[in-house]
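# the following block contains a protein sequence and its predicted model.
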Amino acid sequence: MSPLPETSTLLSFWSPTSLAGNVTLLLHLIGSMLLGMLVGYERSYHGRAAGMRTFSLVCMASTGIVAIFGMPEIWFGGQQLTTITADGPSRVIQGIVTGIGFLGAGVIIHEGRTVSGLSTAASIWTAAAIGILVGLGFYVAGIALAFLCAFSMSIVLRLERWLPRHKRYYFELFYTAQAHPDTIELGSLALSFGLDLRQDTVGLRITKSHQICTFMATSGPKNHVDLNGLVRILQATNGLERFSIAPERN
């Protein structure tokens with residue numbers, strides 16, 4: 001008794017040829033994740049907003065989307081559908097990637113010099129890549145990419161926090177109009193609590209009632225930062241009405 005056409009179509013997605021293509025794609029994804037983590041750690045070490053998670057997610061998603069174009073013979077389980085050509089799905093994929101790019105940009109929040117939401121945006125793009133893989137019949141690779149994404153967002157986050165790296169903090173100080181902010185003195189104060197004030201990031205805005213001083217300070221990979229002590233000193237500073245310290249995160 002020959003199998004039903006529907007059953008034959010379903011089994012074609014798990015044929016030896018399809019599984020071999022999925023395994024090849026899986027190796028591509030793992031390799032791109034490791035390479036993305038390597039590049040991301042260099043950025044994370046130097047205190048940049050985008051770190052290991054963001055780079056590994058973008059790298060994996062790019063690999064998954066590009067690699068499938070080298071395997072059109074096993075798209076949709078290798079079914080020879082005369083109504084579908086390789087150019088058709090590729091245009092759909094391009095539209096998906098472009099649309100998801102705008103969606104990802106919407107979750108990135110930029111406050112002053114602090115950036116957040118980069119990893120969320122990258123994970124949204126990765127989710128689109130997972131959907132594309134599953135839609136084309138790369139079930140094993142799609143499932144693997146989902147687990148790799150979860151691994152990157154959780155375990156890689158812990159690894160990134162454990163590895164030595166520079167941390168950045170964004171300062172915003174509101175002085176009275178009569179005060180005299182001294183960035184040299186602020187730099188010495190920050191250094192005594194484990195922070196290095198970046199003089200090239202110092203900005204000063206003057207309003208009718210305030211002088212607003214902003215700057216970025218970084219900690220060394222092994223420095224102990226005493227934010228509580230720094231906060232107490234700033235609270236007792238004459239002419240300083242209020243201030244904010246925002247750690248950069250992604």
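Alright, I've got the coordinates.

# surely Ile68 is in contact with Ile74?
No: in this structure Ile68 lies outside contact range of Ile74 using CB atoms under 8 Å: 9.1 Å. In this view, the C-beta of every residue, glycine as well, is placed from N, C-alpha and C.

# shared neighbours of those two, anything?
Shared contacts of Ile68 and Ile74, defined by CB atoms under 8 Å, 6 or more residues apart in numbering, comprise Phe138.

# from Ala127, how far off is Trp75?
Distance of Trp75 to Ala127, computed by CB to CB, to the nearest Å: 20 Å.

# pick out whichever of these two has more residues nearby.
The residue with more neighbours, out of Trp75 and Ala127, is Trp75; 20 against 17, by other CB atoms under 10 Å.

# any idea how far that one is from Gly36?
Taking CB to CB, one finds Trp75 at 25 Å from Gly36.

# how about His210?
His210 is 43 Å from Gly36, by CB to CB.

# dihedrals phi and psi, the closest residue to Gly40 other than its chain neighbours?
Sequence neighbours aside, Phe55 is the residue nearest to Gly40 in space, at 3.1 Å (criterion: CB to CB, 6 or more residues apart in numbering). When read as degrees, to the nearest 10, the backbone of Phe55 gives phi -70, psi -40.

# quick one: Phe55 from Ala236, how far?
In this view, Phe55 and Ala236 are 42 Å apart by CB to CB.

# pLDDT at Arg208, what is it?
Wrong residue type there; residue 208 is Lys, not Arg. pLDDT, Lys208: 85.

# tell me the phi and psi of it?
For Lys208, the backbone dihedrals (degrees, to the nearest 10) come out as phi -70, psi -30.

# cool, and the one 10 residues further on?
With angles defined as degrees, to the nearest 10, Thr218 shows backbone torsions of phi -120, psi 150.

# more neighbours, Phe55 and Ala236?
Phe55 (27 against 8).

# was I right about that one contacting Met33?
No: in this structure, Phe55 is not within contact of Met33 by CB under 8 Å, at 9.4 Å.

# spell out the residue ranges of the helices in this protein.
Under the criterion DSSP state H, the chain contains helices at 5-12, 16-45, 52-67, 87-106, 118-135, 139-162, 183-192, 227-235.

# closest to Ser244 out of those helices?
Of all those, the one in closest proximity to Ser244, counting by CB to CB, is helix 227-235 (10.3 Å).

# quick one: residues in contact with the closest one.
169, 173, 189-190, 193, 195, 240, 243, 245.

# show me the residues you listed that map onto strands.
Secondary structure from DSSP state E places 169, 173, 240, 243, 245 of those in strands.

# farthest-apart pair in these, please.
Tyr169 and Leu240 (16.7 Å).

# sounds good, over and out.
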